[in-house]
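# model the structure of this input:
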Amino acid sequence: MKISSLLAFLGASEFGVNAFVIQHQPSLVPSFLNAKKGFARKTKGGSSSSGGFGKTAKKTTTTVSSGFTVDKTKSIKDYLSPRLFDDPAILQDIGQRLRDGKLVVIRDAFVPAFAEAMYEELHSTDAWSKNENYLPDGYHYKHNNVYNKADYPPLCTPALEMFNSEESKKFMTDLTGRDCTGDTLGSPSYYESGDHSLPHTDHVGQRSVAYVWHLSKNWKPEWGGGLYWAQEPLANAYFHANFNQLVLFSVTPMSSHFVTTVGPQATEKRLSFNGWWQSSWVPNANDPLEKILSTPKERLTLTHLQILAIQDLLDDPWSPQINPPERREQIETIRQNIMDELYPSSQCLPIE
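Okay, here's the model as predicted:
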């Protein structure tokens, strides 16, 4: 059985059972995990020229600076809309939805001056590189990004550093129940006509919580570029881009989604700044794995790299040994549970 867990980028608008939308009230590296019972392995990703994300075509770099400044030492709390903190129940609800594996969409998420400045810089830059790949299992994606930090529009670097500040990571860890203490990733994204991303989960490396800050203006759903959240019934599954809209979800092998193709009739740019908060924990032989991974809910929060680390503890003769034998047997059982729960056998096998 092969499980392909790949990139992320999306959209948002209305919501259903598994998505939570917070509105402003006037007035929210392709890498494979080939999983079999008791076995997971890594394969090589894309070329280094694209930051590990497939093939790219380089463009020139020109950006209009917005003049807005971000204090990279501050928390994301300082730049989110103050209304989100008016009632503690709002953040409690967001956190519970993320713990339950639901999509969260926050309208008018950041203070307006910050959003306008990011839009101005992303809309004006021509530093985009085409990022695309077509893989043997049928998965493919095509979109524009700026992965080289030297080419970032001026505001993107301090914005990412602020997302990566210790205060931001503590806030997100407390909010989501996931470990967000690792290095935060983020980069600008631009989907133009023909761009898309087929179904994937983002379950790669140490990714814990995905974020997409939409910065498209006047975007119309009929132009495509919408997120399809696979946990929803069809009638509720499409989420479209809106300006200053933040999309969040907890990254697991079950967080399947895709981005629909942008049509040729689109007259605006589908822009976003997106990435992941990541875990810093790598399991080792001294960790009480039999306690901290004792339930399916706890095992569901394992990152891709953490699953591989547990595999190595059990299978790699050069790794520190798990002793005594009774404890090793417990960890073997946990490994089997991980594979059964997170990578179950197909229910739609072909009839030969």
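# please count neighbours and contacts with C-alpha atoms only from this point.
OK.
# Ala150: neighbour count?
The tally of other residues near Ala150 (other CA atoms under 10 Å) stands at 10.
# need the pLDDT of it.
Per-residue pLDDT puts Ala150 at 94.
# for the closest residue to Asp108 other than its chain neighbours, give me the pLDDT.
Spatial nearest neighbour of Asp108, excluding adjacent residues (CA to CA, 6 or more residues apart in numbering): Asn244 at 5.1 Å. With respect to pLDDT, Asn244 scores 97.
# list the contacts for Asn244?
Arg107, Asp108, Ala109, Phe110, Pro112, Ala115, Trp213, His214, Leu215, Ser216 (CA atoms under 8 Å, 6 or more residues apart in numbering).
# touching, the fourth one and Leu84? I think so.
Read that as Phe110. No: shown here, Phe110 and Leu84 do not form a contact pair, counting by CA atoms under 8 Å, at 9.8 Å.
# show me which of those two is the more surrounded one.
Per other CA under 10 Å, whichever of Phe110 and Leu84 has more neighbours is Phe110, with 23 against 20.
# which pLDDT does the model give Asp71?
Looking at Asp71, the pLDDT reads 93.
# distance of it relative to Trp276?
The gap separating Asp71 from Trp276 is 20 Å, by CA to CA, to the nearest Å.
# between the two, who's got more neighbours?
Trp276 (27 against 13).
# just to revisit the earlier point, out of the contacts of Asn244, which end up buried?
Neighbour-count burial (16 or more other CA atoms under 10 Å) applied to the contacts of Asn244 gives Arg107, Asp108, Ala109, Phe110, Ala115, Trp213, His214, Leu215, Ser216.
# can I get these in JSON lines with secondary structure and distance to Ser346?
Shown next, in JSON lines, are the buried ones among the contacts of Asn244 (DSSP: H, G, I helix; E, B strand; the rest coil; distance: CA to CA, whole Å):
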{"residue": "Arg107", "secondary structure": "coil", "distance to Ser346": "37"}
{"residue": "Asp108", "secondary structure": "coil", "distance to Ser346": "40"}
{"residue": "Ala109", "secondary structure": "coil", "distance to Ser346": "39"}
{"residue": "Phe110", "secondary structure": "strand", "distance to Ser346": "41"}
{"residue": "Ala115", "secondary structure": "helix", "distance to Ser346": "43"}
{"residue": "Trp213", "secondary structure": "strand", "distance to Ser346": "34"}
{"residue": "His214", "secondary structure": "strand", "distance to Ser346": "34"}
{"residue": "Leu215", "secondary structure": "coil", "distance to Ser346": "38"}
{"residue": "Ser216", "secondary structure": "coil", "distance to Ser346": "38"}
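# just name the closest of those to Asn286, please.
The closest of those to Asn286 turns out to be Trp213 (CA to CA; 38.5 Å).
# quick one: contacts for the closest one?
Contacts of Trp213 by CA under 8 Å, 6+ apart are Asn244, Gln245, Leu246, Val247, Ser272, Phe273, Asn274.
# switch the cut-off to 6 Å
Contacts here follow CA atoms under 6 Å, 6 or more residues apart in numbering; on that basis Trp213 touches Gln245, Leu246, Ser272, Phe273, Asn274.
# of the residues you listed, closest to Met172?
Nearest to Met172, judged by CA to CA, of those is Leu246 at 13.7 Å.
# any idea how far Thr301 is from Ser208?
Distance of Thr301 to Ser208, computed by CA to CA: 8 Å.
# among these two, which residue is more densely surrounded?
Each of Thr301 and Ser208 has its neighbours counted (other CA under 10 Å); Ser208 has more, 30 against 19.
# now the closest residue to Thr252 other than its chain neighbours: how far from Ser124?
Setting aside the residues directly before and after it, Thr252 is nearest to His203 in space (CA to CA, 6+ apart), at 5.6 Å. Using CA to CA, His203 is found at 32 Å from Ser124.
# with Val146 instead?
13 Å.
# my guess is Pro188 contacts Phe273, does it?
Yes: with contact defined as CA atoms under 6 Å, Pro188 counts as touching Phe273 (4.4 Å).
# to the chain's geometric centre, what's the distance from stretch 103-115?
Offset of stretch 103-115 from its chain centre (CA atoms, centre = their mean, to the nearest Å): 17 Å.
# wait, I meant stretch 332-347
Put simply, stretch 332-347 sits 23 Å off its chain's centre (CA atoms, centre = their mean).
# buried ones in that stretch, by neighbour count?
By neighbour count with 16+ other CA under 10 Å, stretch 332-347 contains the buried residues Glu332, Ile334, Arg335, Asn337, Ile338, Met339, Leu342, Tyr343.
# report the separation between the closest residue to His257 other than its chain neighbours and Val262.
With CA to CA, 6+ apart as the criterion, His257 has its nearest non-adjacent residue at 4.7 Å, and that residue is Trp229. Using CA to CA, we find Trp229 at a distance of 17 Å from Val262.
# who's more crowded, the two?
Legend: neighbour count by other CA under 10 Å for Trp229 and Val262, higher for Trp229 (25 against 22).
# next one: phi and psi at the nearest residue to Ser75 once chain neighbours are set aside?
Excluding its sequence neighbours, the residue lying closest to Ser75 (CA to CA, 6+ apart) is Ser168, at 4.4 Å. The phi and psi values for Ser168, taken as degrees, to the nearest 10, are phi -60, psi -40.
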